[in-house]
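K.L.:
Okay, predicted coordinates and the sequence, questions at the end:
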Amino acid sequence: MGRTPAERSRLQGIVDRFSRQRILVVGDLMLDQFIRGGVSRISPEAPVPVVQVRSESFVLGGAGNVAHNLSSLGARVEVVGVIGEDQAGRRLLDDFSARGIATGRMVTEPSRVTSQKCRIIAEHQQVVRFDRESPGPLPAGAERGVLKVLLAALSQTDAVILSDYGKGVVSRKVIAAAIKGAHRRGIPVTVDPKIEHFGLYRGVDCITPNTAEAWAGMRRPPQAGDQPLIELGWGIRSRLRAKSVLITRGPDGMSLFEDGGRLTHIPTVAQEVFDVTGAGDTVISVLTLGLAAGAPIREAAVLSNYAAGIVVGKLGTAVCTVPELKEALR
C-alpha cells in the first residue's frame, strides 16, 4: 500500500498494545458444525446424494468468532451472550475456556436452545445446512440477565463490540444500555450490524456494514459507482449520528466516513481470496482493538484491512494472529 517505514512502525506499535486491551463482546453466540465426506452414489430412497462421513468439526460462530479473533490477537476477552442448557452450549463454554475467553457473564436460558448451524459438505461442496435455534426475542428474564451482566462488565473493559446476528441478544434495550454505558465511561463501542436493527445503533463510535448491508440498512436499492456509495456512507453517519462509518467493499477495499467530513478509501491488500467467511468478524475485532489501544480511527481501519486480507486467504472460518499481522505490515 506504499506506506512509509514510519507509518508501518507506528502500526506495528499499535499491534504491540493489543495484549493490554480488555474487550467486551456482546452478541449472538453460535456453534458451527461441519460434517465432511465423499459422495459416490445417489440414495435409493430419494434423489439425494449419500455422504460418506470422513470428519466432523466444531468452531465458534457468530459473536463467538469475534471473541476468537480477539483472543488470537492477544486481547483479554469477555463475552456476554445467551446459551441453552444443552450440549452445544456446554461445548461453546469449553471452547471459550480453552482459548482463555472469560465466560462468567454468560446467561443460561432453559427455554431456548443454543444456536447451532450444521453444514454437510461433500467434496468441497455444501450439500445442505440445518439449523437449531430459538427464533424471536429473549424472554424478559433472560434479557434482564443480559442487561445486568452487561452493566457490571462495562467497568472492567476498554471497548465494547456489539455483534448482532439477529438471534435476540442484541435487543433495543441491550443496544441502548451498551452505548450509553460505554459513553459514560469514555470507551469506544462498535457494531457489526443486522440490517433490521440499523436504526437502533444511534451514537456508536463506528458501524461496519458491508456494501449490501449498508444499502439494505438504509432501505435503498443498490447503485453502482463510487459517488452513490459515498452519499450512502454520509447518509448512514448522519442518520445514526455515528462518529464513523466503515463500509467494507470486498475487492474494492474499504471506505471510512469520519466525523468532520473526512473520507478515506482504503484499497484491499488481499493477495489471494479463498474464502470470505468470517472476514467481517476480523474487521470489527481488529478495528476495535486498535481504538482501544488509542489508535486514530483511520489507523485502526488500516490495520483491520490488513487482517482481513490475511483471513480471506485461508479456507473456512479463520482468524488472524499477531505474528501474521506484523509480518503483513513489514
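P.N.:
That came in fine, so what should we check first? Numbering: from 1, shown residues only.

K.L.:
The helix or strand Cys118 falls within packs against which elements?
P.N.:
Using DSSP states H and E, the element containing Cys118 is strand 115-122. Using 3 or more Cβ pairs under 8 Å, 6 or more residues apart in numbering; DSSP states H and E, the elements in contact with strand 115-122 are strand 29-42, strand 49-62, strand 125-132. Where C-beta positions appear, they are placed from N, C-alpha and C, glycine not excepted.

K.L.:
isn't Gly37 right next to Gln125, touching?
P.N.:
No. Counting by Cβ atoms under 8 Å, Gly37 does not reach Gln125; the two are 11.0 Å apart.

K.L.:
Comparing these two, which shows the higher neighbour count?
P.N.:
Neighbours were counted for Gly37 and for Gln125 using other Cβ atoms under 10 Å; Gly37 has more, 17 against 9.

K.L.:
quick revisit: could the helices and strands packed on strand 115-122 be laid out in a markdown table, adding mean pLDDT?
P.N.:
Output for the helices and strands packed on strand 115-122, formatted as a markdown table (pLDDT from 0 to 100):
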| stretch | mean pLDDT |
| --- | --- |
| strand 29-42 | 93 |
| strand 49-62 | 93 |
| strand 125-132 | 91 |
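
K.L.:
Arg184 is nearest to which of those strands?
P.N.:
Evaluated with Cβ to Cβ, the helices and strands packed on strand 115-122 place strand 29-42 nearest to Arg184, the distance being 25.9 Å.

K.L.:
Pull out the buried positions in the closest one.
P.N.:
Buried residues in strand 29-42, counting neighbours by 16 or more other Cβ atoms under 10 Å, are found at 29-37.

K.L.:
Direction included, what does it pair up with?
P.N.:
Strand pairing for strand 29-42, using DSSP bridges, gives strand 49-62 (antiparallel), strand 115-122 (parallel).

K.L.:
thinking again about what came up before, now the helices and strands packed on strand 115-122 as CSV including distance to Ile195?
P.N.:
Shown next, in CSV, are those (distance: least, Cβ to Cβ, whole Å):
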stretch, distance to Ile195
strand 29-42, 18
strand 49-62, 16
strand 125-132, 19
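
K.L.:
nearest to Ala279, of those strands?
P.N.:
Taking Cβ to Cβ, strand 49-62 is the member of the helices and strands packed on strand 115-122 nearest to Ala279, at 13.9 Å.

K.L.:
hmm, who's touching the following helix or strand past that closest one?
P.N.:
Once strand 49-62 ends, the next helix or strand along the chain (criterion: DSSP H and E) is helix 63-72. With Cβ atoms under 8 Å, 6 or more residues apart in numbering as the test, helix 63-72 has contacts from 23, 25-31, 59-60, 77, 79, 81, 92, 95-96, 99-101, 161, 163, 165, 169, 192, 278, 281-282, 284-286, 288-289, 317, 319-321.

K.L.:
Run through the strands of the protein in chain order.
P.N.:
Along the chain, counting by DSSP state E, strands occupy 22-27, 29-42, 49-62, 76-80, 82-83, 107-108, 115-122, 125-132, 159-163, 189-192, 206-207, 244-248, 254-258, 263-266.

K.L.:
pLDDT of stretch 135-145, averaged?
P.N.:
Stretch 135-145 carries an average pLDDT of 94.

K.L.:
From one end of that stretch to the other, what's the distance?
P.N.:
Counting by Cα to Cα, to the nearest Å, you get 18 Å between the two ends of stretch 135-145.

K.L.:
Would you mind listing the buried residues in it?
P.N.:
138-139, 142-143, 145.
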